[in-house]
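Q: The following block contains a protein sequence and its predicted model.
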Amino acid sequence: MPGLPDLNTPRLKLRQWRADHVDALHALWIDAGVRRYLWDDEIISRERAAEVVEEALELIEAREIGMWSVYLGAEPEIIGFCGLREMHDRQGFELLYAIMQDYWGQGLVVEASRAVLRDAFDRCGFESVTRWPTLPTWRRSG
């Protein structure tokens, strides 16, 4: 079965989304600080969260591209997510991410994003990736 590789950084472990991550991701996504950026301040239902995870799992299976749950070191709790989602309104992929507020300001999102982008450029052969919501584009360097 196709899947995403585990990604490791000096402080983080990134693991492919699984169906049993829905509750942790839902809790992250309905957090007031996170949802204002990710869901336009909407409190999404658990069912909506499960749909998002299922869509991501389908993309992983079909294209070996998708989302990772983010863990701090060997800790068992998911503290965030980072990954790529296909843009439906234009061609390409966008980088999405969120992390629990307790971990803001520590550079962890940057660390996770770099690992995901490295995978996109090196393993997947991407030439560029767009970051939501402001939509700058990262391009492969050198």
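A: Looks like it arrived, so ask away. Numbering: from 1, shown residues only.
Q: just the strands in this structure please.
A: Counting by DSSP state E, the segments of the chain that form strands are 7-8, 12-16, 67-72, 78-86, 93-99, 128-131, 137-139.
Q: what about the chain, any weak spots by pLDDT?
A: Residue ranges of the chain with pLDDT under 70: 1-2, 88-90, 130-142.
Q: what residue lies at the spatial centre of it?
A: For the chain, residue 82 is the residue whose C-alpha lies nearest the centre (C-alpha atoms, centre = their mean; 2.1 Å).
Q: Quickly list what that one is bridged to.
A: residue 68, residue 97 (DSSP bridges).
Q: let's have the chain start at 2 instead
A: Sure thing, new numbering starts at 2, so read that last one as residue 83.
Q: Pretty sure residue 17 is one of the things it touches, is it not?
A: No - between residue 83 and residue 17 there is no contact under C-beta atoms under 8 Å: 11.6 Å. C-beta: built from backbone N, CA, C; applies to glycine.
Q: can you list residues touching both of those two?
A: Counting by C-beta atoms under 8 Å, 6 or more residues apart in numbering, the contacts common to residue 83 and residue 17 are 68, 69.
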